[in-house]
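Visitor: show me how the following folds:
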Amino acid sequence: MKHDPPAPPTLGTHNGLAYALFEPEGEPTGGVVLLHGAGSRKESHFDFGRMCRLYGMSALAYDARGYGSSSGDFGPTAFGDALAMCDLLRTGAPRIALRGSSMGGFCALHAAAFDHDLAAVVAICPAPEDILLRGLRGGHFDEYGWQRDTLETWLTGLDPLYDVVKRLGPDTALLLLHARGDEQVPYTVSEELHAAAHEPKRLLLFGGGHHRSLQHDLEVQNLSARFIQKAIDARS
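Guide: Presented below is the predicted three-dimensional model:
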């Protein structure tokens, strides 16, 4: 049986950030901004972008600065960049959520602390600043072009992620997803973030796996899309 290939996303650039926009056939019920992890790029999350479209939502995946086709270097503008992409998506979608993995989860939580209108945040194996600092000092991010001095000053000056999560909007729903076999970010990070966050919140830990195993798992993606859809419906 032959099937037509999925419609490609609309590609564009906003404030020097390269993005891909997935839109449903009808009017979107909401939108999701997708934030990738270190060493990744927007194309890695096209599968979830297509899934959002099936749920009637728009999705916008973008390259963080220093990655893919975006200009500049990753660093202090990261949270503002995420918020700028939220504003861009809001021009066509009534309610917005964030979904980020690893470094993207870190950025999503920080950005959400500034935007209390967000319906939901989905953080997959989020990496707190101390783990990012450890990787930076160990040279693990050199291949990504990270500027050590600038990033060390920035990361050192940030509030701990466990405090940031307390400042999410009062109605912003939080979903934390983590693989117990994560070899880079211990699953206890998500346990502690969940304990610090206010309701509505949900924590799901999965047996085995590794740092990237949940991002492209079809069941986990559907679960995430349903969580976002429910949070958006609650804010409508």
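Visitor: how about low-confidence regions in the protein?
Guide: 1-4 (pLDDT under 70).
Visitor: center of it - which residue?
Guide: Geometric centre of the chain, nearest residue: residue 100, 1.6 Å, by CA atoms, centre = their mean.
Visitor: that one contacts residue 40, doesn't it?
Guide: No - at 10.7 Å, residue 100 does not count as touching residue 40 under the criterion of CB atoms under 8 Å. In this view, the C-beta of every residue, glycine as well, is placed from N, C-alpha and C.
Visitor: give the helix, strand or coil label for residue 193.
Guide: Residue 193 falls in the helix class when you classify it by DSSP: H, G, I helix; E, B strand; the rest coil.
Visitor: now the strands: where do they sit in the chain?
Guide: Assignment of strands within the chain using DSSP state E yields the ranges 10-14, 17-22, 31-35, 58-62, 96-101, 120-124, 173-179, 201-206.
Visitor: distance of residue 194 relative to residue 55?
Guide: 24 Å (CB to CB, to the nearest Å).
Visitor: typo on my end, it should be residue 156
Guide: On the measure of CB to CB, residue 156 and residue 55 end up 39 Å apart.
Visitor: just the helices in the protein please.
Guide: Taking DSSP state H, the helices of the chain run over residues 46-54, 78-90, 103-112, 129-137, 148-157, 161-164, 188-196, 218-235.
Visitor: okay, and the beta partners of the residue lying closest to residue 10 once chain neighbours are set aside?
Guide: Closest residue in space to residue 10, ignoring its immediate chain neighbours: residue 21 at 4.4 Å, by CB to CB, 6 or more residues apart in numbering. On the basis of DSSP bridges, residue 21 is bridged to residue 10, residue 60.
Visitor: pretty sure residue 21 is touching residue 62, no?
Guide: No - in this structure residue 21 lies outside contact range of residue 62 using CB under 8 Å: 9.3 Å.
Visitor: more neighbours, the two?
Guide: Between residue 21 and residue 62, counting by other CB atoms under 10 Å, residue 62 is the more crowded of the two (30 against 19).
Visitor: what's the closest non-adjacent residue to the more buried one?
Guide: Nearest to residue 62 is residue 19, by CB to CB, 6+ apart, at 3.9 Å.
Visitor: cool, and residue 177?
Guide: Nearest one to residue 177, counting by CB to CB, 6+ apart, is residue 124 at 4.8 Å.
Visitor: likewise for residue 201?
Guide: residue 174 (4.4 Å).
Visitor: what's around that neighbour, how many residues?
Guide: With other CB under 10 Å as criterion, residue 174 counts 23.
Visitor: show the contacting residues for it.
Guide: Residue 174 makes contact with 120, 121, 123, 165, 168, 194, 197, 200, 201, 202, according to CB atoms under 8 Å, 6 or more residues apart in numbering.
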